[in-house]
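In: For reference, the sequence and a predicted model appear below.
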Amino acid sequence: MKENPDATIYKSIFRNAIIGIALLNSNGQIIESNKAFCKHLNCGKENRASHYSEFVGDENKGKIDQLFLMVEQDRCSLNKDVIAIEFDNHDHLLIEISLSPFDCKNSQSDQFLMLTED
């Protein structure tokens with residue numbers, strides 16, 4: 001089966017964007033993410049079905065949980081916060097996290113887009 005050319009373009013944009021992009025389910029599990037998201041949160045490529053909290057640290061989990069609550073209260077909003085990610089070499093990187101609802105006609109449940117930017 002030949003893939004739609006538009007779908008190929010969108011997949012390429014998603015994979016190669018300099019802004020980190022992840023699609024999360026309503027439980028906070030990662031459905032899909034791109035390279036920049038993995039780089040920003042210091043997570044491996046095989047993060048599918050992982051919970052975002054595995055990569056943000058305990059000190060940031062509360063901030064992101066609060067973003068989820070705000071998005072659930074106002075389904076049209078985009079909510080942002082800044083977190084610090086610590087890498088194995090003890091370097092820190094400030095990351096802006098944006099969270100918004102993602103409405104997909106093919107989806108059975110609520111989904112969210114999480115964007116990361118350094």
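Out: Received, thanks.
In: right, and residue 98 touches residue 114 too?
Out: Yes - here residue 98 reaches residue 114: they are 7.1 Å apart, a contact under CB atoms under 8 Å. The C-beta positions use only the backbone N, C-alpha and C, and glycine is treated the same way.
In: More neighbours: which of those two?
Out: The residue with more neighbours, out of residue 98 and residue 114, is residue 114; 23 against 17, by other CB atoms under 10 Å.
In: Quick check: buried residues in the strand ranked longest in the chain?
Out: In the chain, taking DSSP state E as the definition, the longest strand is strand 92-102. Neighbour counts over strand 92-102 (16 or more other CB atoms under 10 Å) mark 95, 97-101 as buried.
In: of all these, which two lie farthest apart?
Out: Distance extremes for those: the farthest pair is 95 and 101 at 20.6 Å, using CB to CB.
In: if you go through the chain in chain order, where are the strands?
Out: Ranges of strands within the chain are 20-25, 30-33, 79-86, 92-102, 111-117, based on DSSP E.
In: All set, thanks.
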